[in-house]
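Participant: This is a predicted model, with the sequence first.
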Amino acid sequence: MPDPKAVRAFLEERHLSLAANVSAWAATKLAPRPEPADDAACRTEARTVVALLGEGGWLRAIEQQDFRACSLIREALAAASPLTDAMFALQALGTVPILLAGTDEQKAEWVARVISGTAVAAFAMTEPEAGSDVASLTTSARRDGNAYRLNGTKTLISNAGLADFYTVFATTDAAQGRDGISCFLVPGNAEGLRFVRPLVLSSPHPLGEIAFEDCRVPVANRLGAEGTGFRLGLTTLDKLRPTVAAAACGMAERALSEATTHACRRRQFGKPLAEFQLIQDKLARMATDLTAARLLTYRAAWELDRGAPRVTSEAAMAKAFATEAAQRIVDDAVQIFGGLGVLADHPLDRLYRSVRALRIYEGTTEIQRLIIAGQIIKAATS
């Protein structure tokens with residue numbers, strides 16, 4: 001279990017007990033579960049673990065917008081089950097926009113179901129030609145009386161074909177660019193919403209492509225005013241990026257723990273691997289990177305929880321550093337294990353396949369660095 005005392009300066013007493021409880025729960029309920037064999041099994045397992053998260057009460061931190069709690073939960077989940085961590089993240093991504101901009105009716109319809117684990121959420125922003133450049137999305141929402149008609153394609157959407165509802169970003173006024181983007185809640189069974197195909201990752205994850213073909217969405221399903229979708233989407237990502245960093249820390253912690261145990265037990269050339277200085281160098285770098293990553297992560301989450309309206313730079317630093325560090329740590333752990341680390345049924349192989357996506361989703365490392373530089377330049381020239 002990651003030691004919460006290492007980031008104690010950013011936590012409250014309740015977070016210490018939460019960290020211990022969720023780690024124990026994950027070790028008991030999640031770690032023994034086998035990895036799904038294919039995409040169909042992954043989709044079944046995804047809904048199962050969402051129900052488990054709801055039963056365990058772990059999704060309540062999303063509704064409370066307690067981002068340090070969300071980060072501690074994701075850290076524990078990612079160490080035990082990357083798929084379950086991803087499902088927690090998607091419940092948050094689909095729901096935070098409702099919490100930020102939804103009406104009482106919208107919150108009543110969806111939030112309680114998400115938090116109980118009885119509804120699966122999705123966040124539909126990415127398109128074939130709109131990834132990092134969110135403002136270039138082309139999915140349109142045309143007003144038609146008391147409804148909108150959505151047309152367009154979304155790709156690389158987690159929970160595509162599985163979700164009970166999608167938080168969808170579409171253009172209501174193309175001439176306004178980013179200021180013409182709006183956000184909608186679209187039920188998974190809406191007429192005109194089509195699951196096009198699954199997109200299969202090397203690590204189990206329910207990913208896919210969806211299409212809107214004259215999909216009629218009531219005006220009452222719009223989140224916030226017209227033209228506020230771009231800002232709502234970026235604010236949501238800002239708030240949840242520290243939790244992505246926390247997931248990276250969880251995977252890195254698991255890799256470091258596995259590698260340390262192996263290095264102490266495995267003997268080569270008449271002594272344990274841990275006595276070789278090259279191995280000690282790796283372990284030292286891994287531990288230092290992990291500690292730095294956790295400090296950046298919980299600093300950003302602490303800023304959010306204390307009421308900062310935006311933590312753009314802090315969140316970007318946390319995500320960029322933690323995900324890149326986790327990639328290095330997992331890779332070094334595999335190297336310490338040697339051939340055992342690349343066997344398909346080994347925990348490190350699972351981590352190796354899972355950690356890579358974190359450097360891409362919710363804003364690539366390169367985009368995070370542009371965000372950080374932009375904030376530095378803005379401060380220097382204002």
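Facilitator: On my side now, so go ahead. In this text, all values refer to a predicted model and were calculated from it rather than measured experimentally.
Participant: ok, residue 280 - contacts?
Facilitator: residue 274 (CB atoms under 8 Å, 6 or more residues apart in numbering). Placement of C-beta: from N, CA and C, glycine included.
Participant: Report the distance from stretch 76-96 to the chain centre.
Facilitator: On the basis of CA atoms, centre = their mean, to the nearest Å, stretch 76-96 is displaced by 6 Å from the centre of the chain it belongs to.
Participant: show me where the stretch 101-250 of the chain has strands.
Facilitator: 121-124, 140-144, 147-158, 165-171, 181-187, 193-198, 207-218, 222-223 (DSSP state E, counting those that start in this stretch).
Participant: of all those, which lies closest to residue 359?
Facilitator: strand 147-158 (14.3 Å; CB to CB).
Participant: Neighbouring strands of the closest one in the sheet, and parallel or not?
Facilitator: Each strand paired with strand 147-158, and its direction, by DSSP bridges: strand 140-144 (antiparallel), strand 207-218 (antiparallel).
Participant: Could you tell me the average pLDDT over that strand, please?
Facilitator: Mean pLDDT, strand 147-158: 97.
Participant: out of the strands paired with strand 147-158, which comes closest to residue 127?
Facilitator: Comparing those by CB to CB, strand 207-218 comes nearest, at 9.7 Å.
Participant: tilt between that closest one and strand 181-187?
Facilitator: Between strand 207-218 and strand 181-187, the angle comes out at 90 degrees (axes from the mean of the first three to the mean of the last three CA atoms, to 10 degrees).
Participant: Give me the buried stretch members for strand 207-218, please.
Facilitator: For strand 207-218, burial by neighbour count (16 or more other CB atoms under 10 Å) applies to 207, 208, 209, 210, 211, 212, 215, 216, 217.
Participant: Which member of those residues is positioned nearest residue 260?
Facilitator: Nearest member of the buried residues of strand 207-218 to residue 260, counting by CB to CB, is residue 207, at 32.7 Å.
Participant: tell me the contacts of the nearest residue to the closest one once chain neighbours are set aside?
Facilitator: Spatially, and ignoring its direct neighbours in sequence, residue 207 is nearest to residue 199 (4.5 Å; CB to CB, 6 or more residues apart in numbering). For residue 199, the contacting residues are 155, 156, 160, 207, 208, 209, by CB under 8 Å, 6+ apart.
Participant: The fifth one: what's it in contact with?
Facilitator: Residue 208 makes contact with 157, 160, 161, 195, 196, 197, 198, 199 under the criterion CB under 8 Å, 6+ apart.
Participant: at 6 Å what do you get?
Facilitator: Counting by CB atoms under 6 Å, 6 or more residues apart in numbering, residue 208 touches 160, 161, 198, 199.
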